[in-house]
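Chemist: Kindly return the folded structure for what I paste below:
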Amino acid sequence: MIATIKFEWRKLRFRPALFVSAGLIAALTALVYFFSWYQALHPSTGDRGLVNIATLYPDQFVNQVIGAGAIGGAIAIVLGAIYAGSEFSWGTLKTMFTQRPGRLTVWAGRLVVFSLWMGIMAAVLFVAGAALSVIVALFQGHAISWPAAVDIAKGFGAIWLIFVAEGAIGLGLGVVIRQSAAALGAGLIYLLAVELIAVRFIDSINNGAYKWIGNLFVGQNAAALTQSFTSPAFGRSLAPAISAEHAVLVLAAYGVGLMIIAAGLLRLRDVT
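Modeler: The predicted model follows:
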């Protein structure tokens, strides 16, 4: 198992996707901070919502990057599909499976490395957010203070869980379809269209009597978990319909369940 993890990590270190994904998540964080900073300094009556510059200071950076990190869910699906599906296209799975260790051990090692990859993305997001918040504070002449360590840890864990759960969708589709391009396309369509339409339809049935079913979708729970991180600096906000505890359990179930299903398919099916 250790050898498999080392082997998978060695492969990942040389894949451009590792550095592209890290750069992309940092760039998206920078865009969020830049646009929010501009709106805070140049408010206008046409703005749909005024931005409080206090939300851009270091003591609020966890709450700020949690919102920016919601964009990373789509990136996680793409990375999962590429990571799982590309091996089928390259034909390298046949080579790995004809040598020891077995299929499940190889898959377990790949899951560990993928989870580490999602942790790296979450770390880049937090480091970029912290650095940008310091820049804003220095330009505005504001004192630099940081959130409590436990709040930073909770925020990091929430983003990592969201990335892993939504990345597992890409992993599962990559194994089912056995191709990265089709898998990432299907994953993005599901996240950005199918799930939204399904949840809206379910919530409209019988005056919302079946809303609990819509609350079991991964996107709904990811959004609820991010919305649980807020403060008075962000203004008044409605409490999410889904509790943070419920969201954590559902996201964990999605991540673990999809990985187990993919492992079963990989174990039973021909890889060609």
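Chemist: Angles on the backbone of G174, please.
Modeler: Dihedral angles of G174 (phi, psi; degrees, to the nearest 10) stand at phi -60, psi -40.
Chemist: what sits against it?
Modeler: G174 is in contact with 80-86, 88, 180, 183, 262, counting by C-beta atoms under 8 Å, 6 or more residues apart in numbering. Glycine gets a C-beta too; all of them are placed from N, C-alpha and C.
Chemist: Is the residue nearest the centre of the chain within a helix or a strand, and which one?
Modeler: Geometric centre of the chain, nearest residue: F163, 2.5 Å, by C-alpha atoms, centre = their mean. Secondary structure from DSSP states H and E places F163 in helix 149-177.
Chemist: about what we covered before: want to throw the contacts of G174 into CSV with pLDDT and distance to I152?
Modeler: Converted to CSV, the contacts of G174 look like this (pLDDT from 0 to 100; distance: C-beta to C-beta, whole Å):
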residue, pLDDT, distance to I152
G80, 90, 26
A81, 90, 30
I82, 90, 30
Y83, 89, 27
A84, 86, 31
G85, 84, 34
S86, 83, 34
F88, 78, 39
S180, 83, 34
A183, 86, 33
A262, 90, 32
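Chemist: Just the closest of these to L251, please.
Modeler: The nearest member of the contacts of G174 to L251, counting by C-beta to C-beta, is G80 at 14.2 Å.
Chemist: Ramachandran angles for the closest one?
Modeler: phi -60, psi -40.
Chemist: Burial check on it, number of neighbours?
Modeler: Neighbourhood size, G80 [other C-beta atoms under 10 Å]: 31.
Chemist: Just the contacts of G174: which are in helices?
Modeler: 80-86, 88, 180, 183, 262 (DSSP state H).
Chemist: Does A222 touch E166 like I think?
Modeler: Yes. Proximity of A222 to E166 meets the contact threshold set by C-beta atoms under 8 Å, at 6.7 Å.
Chemist: so what sits against both of these two?
Modeler: Counting by C-beta under 8 Å, 6+ apart, the contacts common to A222 and E166 are G73.
Chemist: for this protein, which helix is longest?
Modeler: Secondary structure of the chain per DSSP H: the longest helix is helix 103-140.
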